[in-house]
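>>> Any chance you could fold what I've pasted below:
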Amino acid sequence: MSDSGISHVEHTIEVDAPATDVYRLLAEVENWPRIFGPTIHVDHVERGARTERIRIWATANGAAKSWTSRRELDPEALRIDFRQEVSAPPVAAMGGAWIIEPVSEGACRVRLLHDYRAIDDAPEDLAWIEQAVDRNSRSELAALKANAEVVVGAADELMLSFQDSVRIDGSAKDVYDFLNEADRWTERLPHVAEVELTEQTPGLQVLTMETRAKDGSTHTTSSVRVCFPHERIVYKQTVLPALMTLHTGYWLLEEDGEGTVATSQHTVIINTANIRAILGESAGVAEARQYVQTALSTNSRATLGHAKDYAERRD
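Below is the predicted model of the structure:
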């Protein structure tokens, strides 16, 4: 429906989980990159008891976008209203609400409302927004349902987070430059066979990379990276290796009086459907966790080592 150029749409889903648990998942935006496929990263700009301003980096119709939203949280009514303060073209304005309605003690209905308008009310832009809202809403509701209903113990077994750090006798800026200039990684990192980096919006990168394993095999991944000079680069893989259903991470640079501590962090969820095909019939989750951590840590430590050499030569 459209009213004065404003379109309204609603998506709903039934969730077999208590309404208060579902509300908590939606209220805690720091977990959104893990829960919602399109969400790359979320930062709090301001935070109060019931009002907050957040900046969101996400994909829409395959394109990386960023915007700032204000949220009003009402835990008693199980409702979160949101309104974009700074929208990304072609969106002129967008807002809506998450409404959680208890159906029983252990189940609820989630309604996701959107209202939006295109810049200059252009029909082609309105169609683009409609498609993006529909795709992302369906994806987010399905992901919310899956995360709310999952057995906690199983989720803990499949998820692992770890990090590797190195001390560098050099500046955070030089280390950041090495990590930020991923388009030069084929000449700087032996394990990178091919790379393509696009950055249509400063600080928002799409990185597609072919990585070479120890056995000589290669695999291709794509990531969206959010860059904060000269402190950190946060990323989420949008095209994943076969053993993962999620891979997020960051490069963190902490400068002190003696140099820089550079850290690579990973959060992964194991894809159980592919364990046996890749690791053999006798392999299970434990073997997959070890395999993934070893592979990612090996590449991270190699990248940190080359970044260390680069930064220390610069000094």
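
>>> hey, let's count contacts and neighbours off CA atoms from now on
Noted.

>>> G96 belongs to a strand, doesn't it?
Yes: residue state for G96 (DSSP: H, G, I helix; E, B strand; the rest coil) corresponds to a strand.

>>> Show me how this protein divides into domains.
With domains defined by automatic domain parsing, the chain comprises 2-150, 155-314.

>>> With mean neighbour count and mean pLDDT added, can I get these in JSON lines?
Output for those, formatted as JSON lines (neighbours: other CA atoms under 10 Å; pLDDT from 0 to 100):
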{"stretch": "domain 2-150", "mean neighbour count": "17", "mean pLDDT": "92"}
{"stretch": "domain 155-314", "mean neighbour count": "17", "mean pLDDT": "94"}
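
>>> C-alpha coordinates for whichever helix or strand E85 is part of, CSV please?
Using DSSP states H and E, E85 sits within strand 79-86. This file holds the C-alpha atoms of strand 79-86, laid out as CSV (Å, rounded to 0.1, in the frame of the first residue of the first chain):
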residue,chain,number,x,y,z
ARG,A,79,8.0,-3.6,20.9
ILE,A,80,11.0,-1.9,19.2
ASP,A,81,10.3,1.1,16.9
PHE,A,82,13.0,2.2,14.5
ARG,A,83,13.6,5.1,12.2
GLN,A,84,16.5,5.7,9.9
GLU,A,85,18.1,9.1,10.6
VAL,A,86,20.5,8.9,7.7
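
>>> Packing partners of that strand?
strand 63-74, strand 91-104 (3 or more CA pairs under 8 Å, 6 or more residues apart in numbering; DSSP states H and E).

>>> mind checking which of these is nearest H230?
The closest approach between H230 and any of those, judged by CA to CA, belongs to strand 63-74 at 19.5 Å.

>>> Each with direction, which strands does that closest one pair with?
strand 51-60 (antiparallel), strand 79-86 (antiparallel) (DSSP bridges).

>>> For it, what is the distance to the chain centroid?
Counting by CA atoms, centre = their mean, to the nearest Å, strand 63-74 is centred 14 Å from the centre of its parent chain.
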